[in-house]
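Visitor: quick one, structure for this:
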Amino acid sequence: MSNAQHQKQMNLRPVQIVEALDRYIIGQNAAKRSVAIALRNRWRRQQVAEDLRDEISPKNILLIGPTGVGKTEIARRLANLAHAPFIKVEASKFTEVGYVGRDVESMVRDLVEMAYKLVQEEAMARVEQQAMRAAEDAIIAAIQEERGSGAQGASDEELRELLQSGALNERYVEISVADKAGASFRLFNPQGNDGMNEMEDSMKNFFSNIMPKKTRKRRMKIAEALNLLKTEEASSAIDNEAVESQALVRAEQMGIIFIDEIDKIASNHSDGGRSPDVSREGVQRDLLPIVEGSTVKTKYGFIKTDHILFIASGAFHVSKPSDLIPELQGRFPIRVTLDNLTRDDFVRILREPHNSLVKQYIALLKTEGLDVEVSDDAIEAMADAAAKANERMQNIGARRLHTVIERVFDELSFDACSMQAQKVVIDADYVRKHIENLIEDEDLGRYIL
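Guide: Numbering: from 1, shown residues only. Now for the predicted structure:
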């Protein structure tokens, strides 16, 4: 993606952002509006005079709602829409007893790593044609070398046409590929400590820079060789220092960190225990400087977290947002309560989204030559079953649909290989036949997720 394309994607109006989110997420309009405004404010900030720009900080968002109502999906789709680096972390993992290794700063390092991959992919896409031409040249040279100087055969341009048409994909050829220096270099790091990981990366980079580049011969299919050589050529054609610099800027200015289960680190004073509260409050105080704005060292350089957008979420069944330390509460000024999903929401979730579960299963079975049609009353029956299960057991929101639809399609998924060129209609009776026993039987029903 070019800078112009990236700016165009950032320049989406809030109503366009909400419309894009509506393609994948049903309901939760208040949450969609909040994240749309947050994303638009990033573009607005870039238009402000430079002396004021640094003073404008993002308004972090706290999403409050039970599991399975779309909190994570809203944040993930927002990041995809903005083509922004995005990571999700579980706040509760930092309270684990005996947890050693990754600290809260690791979320920022992971964000920078994600930004680096995004910028690197964009840079490699810009040199793709050049890299493909060089890869084709290498394959053609290898084919001609295997023939020998005196052999008669196709010319270079004829071979290039065959390569581009895919006619040579299954043929084998021997090529020289890079033997990555330092690939076998490892430091003993049993607990995954971030400092040790960073040292290991630095040592690998050091040895790869001072040692001569080595190559080795490999024999493989031409299709595989073409992709491998194209990647190598593209990697060598891009400016890695520029990529690292742009990745830091992208993470600083566009990064989104989603902190899930933040309610698990809220101090619940009604539980009578002191030790868990100490642990939870300690994690909150570790998170505070990251969310407030601090400088974190990464293997690509230092990054400031002042303008990273933090979206936190939690069910807050036992605790409440006011149980968080006041300083951390103040860093999430926008709070949105998400609605519980109803039976009608389940109908819309199965029917409307661009990537609905029903469409996914139909597409999967289509690969076997099986034509599946799901009637409207079948969708109603699946929604009824999910809603009923959520009422009678733990309410896990839309995640219940995964189990219900898996049970409905279980028999077809198993037998599809022997049912090519057939058409199957799934109606309400078919649905009830496959899931009624599980829903009606309390003892069996408890095993549904």
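Visitor: those strands in the chain, which residues are they?
Guide: Taking DSSP state E to define them, one finds strands in the chain at 61-64, 86-90, 172-179, 214-221, 256-260, 295-298, 301-304, 309-314, 334-337, 371-374, 423-426.
Visitor: how is this protein partitioned into domains?
Guide: 3-118+246-337, 128-237, 343-444 (automatic domain parsing).
Visitor: next, format those as CSV and append mean neighbour count.
Guide: To be clear about C-beta, it is placed using only N, CA and C from the backbone, and glycine gets the same treatment. Shown next, in CSV, are the domains of the chain (neighbours: other Cβ atoms under 10 Å):
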stretch, mean neighbour count
domain 3-118+246-337, 18
domain 128-237, 14
domain 343-444, 17
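Visitor: confidence-wise, which of those domains is weakest overall?
Guide: Here the lowest mean pLDDT among those goes to domain 128-237, at a mean of 75.
Visitor: how far does that domain stretch from one end to the other?
Guide: Domain 128-237 has an end-to-end distance of 10 Å (criterion: Cα to Cα, to the nearest Å).
Visitor: for the stretch 301-449 of the chain, what spans make up the helices?
Guide: Listed in chain order, the helices of the stretch 301-449 of the chain (DSSP state H, counting those that start in this stretch) span 326-330, 343-351, 357-366, 376-392, 399-415, 428-440, 442-445.
Visitor: give the other helices and strands that the fifth one contacts.
Guide: I take that to be helix 399-415. Where contact means 3 or more Cβ pairs under 8 Å, 6 or more residues apart in numbering; DSSP states H and E, helix 399-415 is packed against helix 343-351, helix 357-366, helix 376-392, helix 428-440.
Visitor: which of those sits closest to Asp110?
Guide: helix 357-366 (28.3 Å; Cβ to Cβ).
Visitor: ok now that closest one, how far from the chain's centre?
Guide: Taking Cα atoms, centre = their mean, to the nearest Å, one finds the center of helix 357-366 at 22 Å from the center of the full chain.
Visitor: put the alpha carbons of it into CSV.
Guide: Below are the C-alpha coordinates for helix 357-366, written out as CSV (Å, rounded to 0.1, in the frame of the first residue of the first chain):
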residue,chain,number,x,y,z
LEU,A,357,-20.9,-18.7,9.7
VAL,A,358,-23.6,-20.1,7.3
LYS,A,359,-21.8,-18.7,4.3
GLN,A,360,-18.5,-20.1,5.5
TYR,A,361,-19.9,-23.7,5.9
ILE,A,362,-21.6,-23.5,2.5
ALA,A,363,-18.4,-22.4,0.9
LEU,A,364,-16.4,-25.2,2.6
LEU,A,365,-18.8,-27.9,1.4
LYS,A,366,-18.9,-26.4,-2.1
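Visitor: which residues touch it?
Guide: Residues outside helix 357-366 that contact it (Cβ atoms under 8 Å, 6 or more residues apart in numbering) are 349-351, 372, 374, 379, 401-402, 405, 409, 412-413, 416.
Visitor: can you lay out these as a markdown table showing distance to Asp323?
Guide: As requested, these are arranged in a markdown table below (distance: Cβ to Cβ, whole Å):
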| residue | distance to Asp323 |
| --- | --- |
| Ile349 | 32 |
| Leu350 | 36 |
| Arg351 | 39 |
| Val372 | 48 |
| Val374 | 44 |
| Ile379 | 40 |
| Leu401 | 32 |
| His402 | 31 |
| Ile405 | 37 |
| Phe409 | 42 |
| Leu412 | 47 |
| Ser413 | 45 |
| Ala416 | 50 |
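Visitor: please name the residues that touch Phe409.
Guide: Contact partners of Phe409, counting by Cβ under 8 Å, 6+ apart, are 361, 365.
Visitor: can you rerun that using 7 Å?
Guide: Tyr361 (Cβ atoms under 7 Å, 6 or more residues apart in numbering).
Visitor: and if you look at Ile238?
Guide: 123-124, 127 are the contacts of Ile238 under Cβ under 7 Å, 6+ apart.
Visitor: would you list the residues you listed in CSV and tack on distance to Leu365 and neighbour count?
Guide: Output for the contacts of Ile238, formatted as CSV (distance: Cβ to Cβ, whole Å; neighbours: other Cβ atoms under 10 Å):
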residue, distance to Leu365, neighbour count
Ala123, 39, 18
Met124, 35, 18
Val127, 40, 17
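Visitor: quick check: the gap between the residue lying closest to Ser413 once chain neighbours are set aside and Gln420.
Guide: Excluding the flanking residues, the one nearest Ser413 by Cβ to Cβ, 6 or more residues apart in numbering is Leu365, at 7.2 Å. Distance of Leu365 to Gln420, given as Cβ to Cβ, to the nearest Å: 10 Å.
Visitor: quick one on the thing from earlier: and of the helices of the stretch 301-449 of the chain, who's closest to His83?
Guide: helix 357-366 (23.9 Å).
Visitor: now the angle from the closest one to helix 376-392?
Guide: Between helix 357-366 and helix 376-392, the angle comes out at 120 degrees (axes from the mean of the first three to the mean of the last three Cα atoms, to 10 degrees).
Visitor: hmm, back to that, can you put the strands of the chain in CSV and add distance to Gln28?
Guide: What follows is these, written out as CSV (distance: least, Cβ to Cβ, whole Å):
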stretch, distance to Gln28
strand 61-64, 9
strand 86-90, 18
strand 172-179, 48
strand 214-221, 47
strand 256-260, 15
strand 295-298, 32
strand 301-304, 31
strand 309-314, 12
strand 334-337, 8
strand 371-374, 25
strand 423-426, 28
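Visitor: wait, which of these is closest to Lys117?
Guide: Minimum separation from Lys117 across those (Cβ to Cβ) falls at strand 86-90, 11.3 Å.
Visitor: just checking, what packs against that closest one?
Guide: When contacts are defined as 3 or more Cβ pairs under 7 Å, 6 or more residues apart in numbering; DSSP states H and E, strand 86-90 sits against helix 71-82, helix 106-126, strand 256-260.
Visitor: and the ones you listed as CSV, adding distance to Leu52?
Guide: CSV is the format used below for these (distance: least, Cβ to Cβ, whole Å):
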stretch, distance to Leu52
helix 71-82, 22
helix 106-126, 25
strand 256-260, 23
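Visitor: so which of these comes closest to Lys230?
Guide: The nearest among the helices and strands packed on strand 86-90, by Cβ to Cβ, is helix 106-126 at 9.1 Å.
Visitor: got the angle between the closest one and strand 309-314?
Guide: Going by the same axes, to 10 degrees, helix 106-126 is angled at 130 degrees with respect to strand 309-314.
Visitor: and helix 106-126, what does it pack onto?
Guide: Here helix 106-126 touches strand 86-90, helix 240-254, strand 295-298, going by 3+ Cβ pairs under 7 Å, 6+ apart.
Visitor: residues contacting it, please?
Guide: 1, 85-87, 89, 194, 234-235, 238, 243-244, 246-248, 250-251, 255, 257, 290, 296, 298, 300, 303, 305.
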